[in-house]
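In: Kindly generate the corresponding structure for this input.
(2 chains)
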Amino acid sequence: GAGVSQSPSNKVTEKGKDVELRCDPISGHTALYWYRQSLGQGLEFLIYFQGNSAPDKSGLPSDRFSAERTGGSVSTLTIQRTQQEDSAVYLCASSLIITDTQYFGPGTRLTVL
Amino acid sequence: GNSVTQMEGPVTLSEEAFLTINCTYTATGYPSLFWYVQYPGEGLQLLLKATKADDKGSNKGFEATYRKETTSFHLEKGSVQVSDSAVYFCARNTGGFKTIFGAGTRLFVKA
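Out: Residues are numbered from 1 along each chain as shown, chains lettered A, B, ... in the order given. Next comes the predicted model:
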């Protein structure tokens, strides 16, 4: 079946603009995760969803970051008033249940000029 | 604390060489341990995992053994190929929703 998909694959934006990143998880996966991968760095956990709820948002780096998930499926990560330090690859993953293997999407490369 | 430490790269090997990428973790309890791989231009994918002490995960010729006494999960392969060139991430879960990843080790294999 189809894997996790993310869009756009690349996004270039100007400092101060808002961006929305989309993640389509594998059908039937109840858990969805967002990570950030900065150049040469490991993966930084941002947020996870169990169904439509996000029990822990403490990984979000600032209040400019928010995420939602509707219908237990698609999720959107929104970054408001983007800064240059937001430039990174944003990865989405899903799993059947919380403790199961995570399947990753190809990521969205965000560049803030 | 909860962390995963893996050897810094890049690691450069010739084809058919033996590979070891070290990984150690800190944890309370008995986390599951993972190796993920990211091939050029692709997303991360699970390479192998082990869920309890002394388990050996294996896939595509790669192996890693869950060593509780040394809190390690080193990745090994007896004979690497050019197609193994990628970034390898060691990871552990926290018994809940969160998975902690290491910084990644880039492997270059020369023909």
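
In: can you map out the strands along chain B?
Out: B:3-6, B:11-14, B:19-21, B:23-26, B:33-38, B:44-50, B:56-59, B:62-65, B:75-77, B:86-93, B:99-101, B:105-110 (DSSP state E).

In: Need the residues that contact the fourth one.
Out: With contacts defined as C-beta atoms under 8 Å, 6 or more residues apart in numbering or on different chains, strand B:23-26 is touched by B:1-7, B:31, B:33, B:35, B:64, B:70-75, B:90, B:92, B:100, B:102. For glycine as for every other residue, the C-beta is placed from the backbone atoms N, C-alpha and C.

In: Now that strand: buried residues?
Out: For strand B:23-26, the neighbour count (16 or more other C-beta atoms under 10 Å in any protein chain shown) marks B:23-25 as buried.

In: how many neighbours does the closest residue to residue A:113 other than its chain neighbours have?
Out: Excluding the flanking residues, the one nearest residue A:113 by C-beta to C-beta, 6 or more residues apart in numbering or on different chains is residue A:14, at 5.5 Å. With neighbours defined by other C-beta atoms under 10 Å in any protein chain shown, the count for residue A:14 comes to 8.

In: just checking, residue A:14 touches residue A:112?
Out: Yes. Between residue A:14 and residue A:112 a contact is recorded at 7.4 Å, counting by C-beta atoms under 8 Å.

In: shared neighbours of the two, which are they?
Out: With C-beta under 8 Å, 6+ apart as the test, residue A:14 and residue A:112 both reach residue A:82.

In: May I ask which of the buried residues of strand B:23-26 comes out lowest in pLDDT?
Out: On pLDDT alone, residue B:25 ranks lowest of the buried residues of strand B:23-26, at 93.

In: which residue is nearest the centroid of chain A?
Out: The centroid of chain A falls nearest to residue A:34 when counting by C-alpha atoms, centre = their mean (3.5 Å).
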